[in-house]
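Turn this into a structure:
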Amino acid sequence: MNRLTAVGTFLIVLAIGLQSSVAAEPARAKKALYIGIDGTRFDALTTAETPHLDSLIEQGIAADNCLILGERYRKNDTVSGPGWSTILTGVWADKHGVQDNSFKGRNYDRYPHLFTLLKRQRPAARTASFVTWMPIEEYIVRDADTHAGFHDDQRDYAKYDLQAAEAAAKHLSEPKLDCIFVYFGQVDESGHAHGFHPSVPQYVKAIETVDGHVGQLLAALKARPTYAHEDWVIVVTSDHGGKGTGHGGGHRTPEI
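Numbers count the residues shown, from 1 in each chain. As a prediction, this is how the structure comes out:
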């Protein structure tokens, strides 16, 4: 496994379909699958039984550190609002404006998310989002061509994640799909309820359940009729880890 340092509790990047033994083969269609697993510590991920995520790690590049580099980024707390805003826009809170989960001060018009940026370069691109934390649906990705948020008053993230996985897997059969984001929230919910630590059975079990959803998405992706003619980049990341039943803190000094 190759490792690198990046912002986020962990980051997995895999490009598939890039190799070919036929030199003159036409260029393949470039596609992207982004998977967000809220509140996942990398040490708990490596403790859990996660065959699908393990396979991505072995084939791709993985980062296991969360770094907030220098004074410029000192206000970036490890909470979901600024975390997912940074992940989906590619800029820090000093630009996208989100400092907490209220999303007040958001500046997505000037610093838009990845779907908008993709559309600017490829107007015909088709995008989709399936999430279980509603602020992402409400504030960030709502202008995706296809989007759905799964939630109700029961706060049953295991149920919501299953619904999101099933809907996303079904949508992955759409031949014109170019970029899709899928978010799972039950790991974070379990951490807040029982503790963010690899020694907590409920927390580890939640990670294992989400790994099953990841496997469902990967199977649907590979079942696409056009899969052999596509280049897929798969990105899996979290927005923060945790300590006790709260969120972890970011590094305050640069590390190289």
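
Now do the helices in this protein.
Counting by DSSP state H, residue ranges of the helices within the chain are 42-47, 51-59, 80-89, 93-96, 114-121, 134-135, 157-171, 186-194, 201-222.

Which of those sits closest to A228?
helix 201-222 (9.7 Å; Cβ to Cβ). In this view, the C-beta of every residue, glycine as well, is placed from N, C-alpha and C.

And that closest one, what's buried?
Neighbour-count burial for helix 201-222 flags 203-211, 213-218, 220-221 (criterion: 16 or more other Cβ atoms under 10 Å).

Pull the contacting residues for A32.
Residues in contact with A32 (Cβ atoms under 8 Å, 6 or more residues apart in numbering) are D178, C179, I180, W232, V233, I234, V235.

Run a quick check on the first one versus L118, I expect a contact.
Yes. Counting by Cβ atoms under 8 Å, a contact exists between D178 and L118, whose distance comes to 7.0 Å.

Now for those two: what residues contact both?
Residues touching both D178 and L118 comprise A125, T127, with contact defined as Cβ under 8 Å, 6+ apart.

between the two, who's got more neighbours?
Taking neighbours as other Cβ atoms under 10 Å, D178 and L118 compare with D178 leading, 20 against 17.

and that one, what does it touch?
A29, K30, K31, A32, L118, R122, A125, R126, T127.

same thing with Q186?
Residues in contact with Q186 (Cβ under 8 Å, 6+ apart) are T132, Y157, A158, Y160, D161, A206, T209, V210.

if we go to 7 Å?
Contacts for Q186 (Cβ atoms under 7 Å, 6 or more residues apart in numbering) come out as Y157, A158, D161, A206, T209, V210.

List of residues touching stretch 102-118?
When contacts are defined by Cβ under 7 Å, 6+ apart, stretch 102-118 is touched by residues 81, 88-89, 91, 95-99, 125, 127, 135, 139-141, 143-144, 179.

Type out the ChimeraX command that picks the buried ones from the residues you listed.
Provided next is the ChimeraX selection string for whichever of the contacts of stretch 102-118 are buried by 16+ other Cβ under 10 Å:
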select :81,88,89,96,97,98,99,125,127,135,139,140,141,144,179
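
How much space separates the closest residue to S190 other than its chain neighbours from I180?
Nearest residue to S190 in three dimensions, chain neighbours excluded: A206, at 3.9 Å (Cβ to Cβ, 6 or more residues apart in numbering). From A206 over to I180 the distance is 22 Å, taken as Cβ to Cβ, to the nearest Å.

if you average pLDDT over stretch 62-79, what comes out?
This predicted structure assigns stretch 62-79 an average pLDDT of 62.

For it, measure first residue to last.
Stretch 62-79 has an end-to-end distance of 21 Å (Cα to Cα, to the nearest Å).
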